[in-house]
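Enquirer: everything below, folded, please.
(chains A and B)
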2 protein chains.
Amino acid sequence: MAITGDQRLLKRINRMALVRLVRSQPGLSRAELSVLTGLTKSTVSLLVQELIDESWLREDLVLVTGAIGRRPTPLRLDGRRLVMIGVELGVGNLCVVSMSLDGEVVASVQQSVSSPEHVDEVLETLAELIALQVQEQRAAGRELLGIGVGVPGAVMELTGVLAVAPNLGWRDVPLREALQAALARKGVTDLALFVQNDGDVAALGEVEFASTPVADPLLYIGLGIGVGSGLVVGGRLLLGGRGFAGEIGHIQQQADGPLCSCGRHGCAEAFFGLQAMANRLGCSIEMLETRAHAGEESARALLAEAGRHLGVLMHNLWTTLDPAVIVLGGPACRLGDAFLAPARACFGKLAHAAHLEIPPVVEARFGDLAVPAGAAALVLHKLLLPI
Amino acid sequence: MAITGDQRLLKRINRMALVRLVRSQPGLSRAELSVLTGLTKSTVSLLVQELIDESWLREDLVLVTGAIGRRPTPLRLDGRRLVMIGVELGVGNLCVVSMSLDGEVVASVQQSVSSPEHVDEVLETLAELIALQVQEQRAAGRELLGIGVGVPGAVMELTGVLAVAPNLGWRDVPLREALQAALARKGVTDLALFVQNDGDVAALGEVEFASTPVADPLLYIGLGIGVGSGLVVGGRLLLGGRGFAGEIGHIQQQADGPLCSCGRHGCAEAFFGLQAMANRLGCSIEMLETRAHAGEESARALLAEAGRHLGVLMHNLWTTLDPAVIVLGGPACRLGDAFLAPARACFGKLAHAAHLEIPPVVEARFGDLAVPAGAAALVLHKLLLPI
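Expert: Modelled structure (predicted):
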């Protein structure tokens, strides 16, 4: 009997449902999957065998107990053979990682970029880094599911065009198309390529690699030279009408505040973006970090004020979006409690004044790799997305 | 052959899909519905006949043209027999409307409440108003689909509990249960009852009664004694983890700003909530309106400043959520351009500084009835929601 398009679609949905279930409840057996999905045992067995053959799932050891009869075989995600490439296209910094299905970073490479404003040059360097990692992973016997890219700007999902990235100085760059062409010149032509905002992918990184279901909605706040966010609600990204949602670095916090790189005054980013803070101290970002850790008074005072602005922003986003958890990530987290403690205190004080309790505020699970790991999660998200 | 539960569910989904299609594209024929849904012509004919019998749909006149052969019969929503009851439980004000399927207000009644803090008394009065309207509609031969209620507070969707409504002074009120009991005492026992935040229902009112597809995401901002919002994205409400999303009246706009009713300082509501503005002028809300329309200087200056705060709020929500349209509603819109023109100007100026264009900002289609009409839309939304 010929398989129709509908049947192929249904099969794909069922396969991905099985992967999602095993991911969120490791150790499920075929019989349990049959109960949970409503699929017959023979359909589940057939699909599970396919998923094992393709390295999505593996069988775990059967625990031998005193009970009589055959024990069901526990299933788990197979972290050994399938990997996704995740890319951070940052301001002056490129990072490429390979992530296993179960969220392990199996390879990682960083490279700084001296002229981030030169689009073609940056993409050529990036394509080189990616192509090398693709070769290495394949040489190690791993299979690639695709490439995800996180960028500090507003991306139009359908076209892959980067509309505007103020801190890169890029505008209207057909990013997916241009990177695809650069990759083709390096001989990489057979991998799916997904591009999205860095805050959005970092939010996905928290969700897609979690071994237990995570709080929903999940709000990720990225703290670096730029300040951005991603919201996962009902398992999906909130992207907005043009895909520009989450540009929270340009929320105006004070009408007569400092000038921001975007041309507005008093933006959140102008108060606690890394470059803005360093500029205010008259030093480099590296020096800011050093001075903060040395407990220098002028750095301490500046970070305390910046932290209070972050606290107000967290409060206002919580009031607007009611996230069940807030995740903080990005390099500014390295400033530590000098920056984050005043932020938490300010948020808590505001909520307390209204007799409300704040949600958990946690740090990103992949730390400095939140964006590249999240970009790898974007690939998984696209593949596993329920239709 | 017996019909299984699955088949009943599938039938319900298909029926509602047909209603949604005819609503968004009035004039579709059975043959066109068959093409659009993939259902067979005979299934479509059967379901359409049922929907006509139940007054969801009606057949329109066939246009006689010169062409040969039988013309397809255009189908439209039937606005004549099915109605939803929509309720605004406001601060000191109750409003009950009956809305037809196609968004016509067929009946409307208002009543002021002298002691809004007395929960039982308010619900008893409200149940009386609703019961009367139920009787009237039934006497007129109309059939009721259910009752929706919009309240100025945070509602937990699953339980129907109103967690907190600062301007009513209510906290932890089992609203759905208590109103259901009060309605039962008036003899109304057979109607579905849905309760939701007033900003959320008003947003649904813009979407569910639209005869052409509306911009998505749609952000509704309700301007009254309280300030709240509702966001419809992908046809659904963004409710947040606890159902508290959209409490934008308590976004902090200025750390050392005026004290708000919630206990915090510098909330949006403390700048441009109706009561806060009236208090600042030392007059009643009615007087504020009169003085604004008379063009009195102190009122004009206050409203211009309040409007600028609204403009910043709109800008910041736009930056966070990227709505395709912003809808303004609520009684403060009656203050007119003295309030709204500075708001639009401030929003536009901020966007312009970053070389961005603002989305359309429009006024609510149901004007002063945005919340009760929206509460009726909540009933329709629940009935037509794709599973």
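Enquirer: what helices or strands is the one helix or strand residue A:85 maps to leaning on?
Expert: In this structure, residue A:85 sits in strand A:82-89 according to DSSP states H and E. Packing partners of strand A:82-89 (3 or more Cβ pairs under 8 Å, 6 or more residues apart in numbering or on different chains; DSSP states H and E): strand A:93-100, helix A:119-139, strand A:143-151, helix A:370-384. C-beta coordinates here come from the backbone N, C-alpha and C atoms, glycine included.
Enquirer: rerun at 6 Å
Expert: Judged by 3 or more Cβ pairs under 6 Å, 6 or more residues apart in numbering or on different chains; DSSP states H and E, the packing partners of strand A:82-89 are strand A:93-100, strand A:143-151, helix A:370-384.
Enquirer: can you list the residues of chain A near chain B?
Expert: Contact residues (Cβ under 6 Å from any Cβ of the partner chain) of chain A with chain B: A:217, A:240-242, A:244-245, A:247-248, A:250-252, A:262-264, A:312, A:316, A:319-322, A:324, A:350, A:353-354.
Enquirer: list only those of these flagged as buried.
Expert: Neighbour-count burial (16 or more other Cβ atoms under 10 Å in any protein chain shown) is assigned, among the residues of chain A next to chain B, to A:217, A:240-241, A:244-245, A:247-248, A:250-252, A:262, A:264, A:312, A:316, A:319-322, A:324, A:350, A:353-354.
Enquirer: hmm, back to that, need the helices and strands packed on strand A:82-89 in JSON lines (columns: distance to residue B:86 and mean neighbour count).
Expert: As requested, the helices and strands packed on strand A:82-89 are exported to JSON lines (distance: least, Cβ to Cβ, whole Å; neighbours: other Cβ atoms under 10 Å in any protein chain shown):
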{"stretch": "strand A:93-100", "distance to residue B:86": "50", "mean neighbour count": "23"}
{"stretch": "strand A:143-151", "distance to residue B:86": "44", "mean neighbour count": "24"}
{"stretch": "helix A:370-384", "distance to residue B:86": "38", "mean neighbour count": "27"}
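Enquirer: columns mean pLDDT on top of those, output as CSV?
Expert: Formatted as CSV, these follow (pLDDT from 0 to 100):
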stretch, mean pLDDT
strand A:93-100, 97
strand A:143-151, 97
helix A:370-384, 95
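Enquirer: residue A:17: how many residues sit nearby?
Expert: 17 (other Cβ atoms under 10 Å in any protein chain shown).
Enquirer: ditto for residue A:33
Expert: For residue A:33, the tally of surrounding residues (other Cβ under 10 Å) stands at 22.
Enquirer: name the residues of stretch A:8-17 that are buried.
Expert: For stretch A:8-17, the neighbour count (16+ other Cβ under 10 Å) marks A:14-17 as buried.
Enquirer: actually stretch A:280-297, not the one I wrote
Expert: Buried-residue list, stretch A:280-297, by 16+ other Cβ under 10 Å: A:280-281, A:283, A:285, A:288-289, A:291-292, A:296.
Enquirer: and the end-to-end length of that stretch?
Expert: Its first and final residues considered, stretch A:280-297 spans 14 Å by Cα to Cα, to the nearest Å.
Enquirer: all helices for chain A, in order.
Expert: For chain A, helices defined by DSSP state H occupy the ranges A:5-24, A:30-37, A:41-53, A:119-139, A:175-185, A:198-208, A:268-272, A:274-281, A:285-293, A:297-321, A:337-353, A:370-384.
Enquirer: lowest average pLDDT across those?
Expert: Least confident of these, judged by mean pLDDT, is helix A:5-24 with a mean of 82.
Enquirer: what's next to that one, contact-wise?
Expert: With Cβ atoms under 6 Å, 6 or more residues apart in numbering or on different chains as the test, helix A:5-24 has contacts from A:28, A:33, A:36-37, A:47, A:56-57, A:75, A:77, A:213, A:384, A:387.
Enquirer: for those, work out which two are farthest apart.
Expert: Spatially, the most separated pair among the contacts of helix A:5-24 is A:75 and A:387, at 23.1 Å (Cβ to Cβ).
Enquirer: compare the two (neighbour count), which wins?
Expert: Taking other Cβ under 10 Å, residue A:75 and residue A:387 do not tie; residue A:75 has more neighbours (26 against 7).
Enquirer: what pLDDT does the more buried one get?
Expert: Note for residue A:75: predicted pLDDT of 94.
Enquirer: any idea what it is bridged to?
Expert: Here residue A:75 sits in beta bridges with residue A:59, going by DSSP bridges.
Enquirer: so who does it touch?
Expert: Going by Cβ under 6 Å, 6+ apart, residue A:75 touches A:22, A:28, A:57.
Enquirer: redo the residues you listed as CSV? Include distance to residue B:223 and neighbour count.
Expert: Shown next, in CSV, are the contacts of residue A:75 (distance: Cβ to Cβ, whole Å; neighbours: other Cβ atoms under 10 Å in any protein chain shown):
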residue, distance to residue B:223, neighbour count
A:22, 49, 24
A:28, 51, 21
A:57, 53, 23
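Enquirer: could those go into TSV alongside distance to residue A:200?
Expert: What follows is these, written out as TSV (distance: Cβ to Cβ, whole Å):
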residue	distance to residue A:200
A:22	26
A:28	30
A:57	28
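Enquirer: ok, so of these, who is nearest residue B:144?
Expert: Nearest to residue B:144 out of the contacts of residue A:75 is residue A:28 (Cβ to Cβ; 45.6 Å).
Enquirer: so how far is chain B from that closest one?
Expert: Using Cβ to the nearest Cβ, to the nearest Å, residue A:28 is found at 24 Å from chain B.
Enquirer: could you do residue A:269 as well?
Expert: As judged by Cβ to the nearest Cβ, residue A:269 and chain B stand 11 Å apart.
Enquirer: then residue A:45?
Expert: According to Cβ to the nearest Cβ, residue A:45 stands 23 Å off from chain B.
Enquirer: nearest spatial neighbour of that residue, skipping sequence neighbours?
Expert: Nearest non-adjacent residue to residue A:45, counting by Cβ to Cβ, 6 or more residues apart in numbering or on different chains: residue A:30, 5.6 Å away.
Enquirer: one more: residue A:307?
Expert: Here the residue nearest residue A:307, using Cβ to Cβ, 6+ apart, is residue A:342, at 3.2 Å.
Enquirer: hang on, the earlier thing: closest one of the buried residues of stretch A:8-17 to residue B:360?
Expert: residue A:16 (37.9 Å).
Enquirer: okay, the closest one and residue A:83: tell me how far apart.
Expert: To residue A:83, residue A:16 is 18 Å away according to Cβ to Cβ, to the nearest Å.
Enquirer: same deal with residue A:100?
Expert: Separation of residue A:100 from residue A:83 (Cβ to Cβ) stands at 6 Å.
Enquirer: what is in contact with those two at once?
Expert: Common contacts of residue A:100 and residue A:83 (Cβ under 6 Å, 6+ apart): none found.
Enquirer: still on that earlier bit, from the buried residues of stretch A:280-297, which is closest to residue B:301?
Expert: Nearest to residue B:301 among these, counting by Cβ to Cβ, is residue A:280 at 34.1 Å.
Enquirer: residues in contact with the closest one?
Expert: Listed by Cβ under 6 Å, 6+ apart, the contact partners of residue A:280 are residue A:302.
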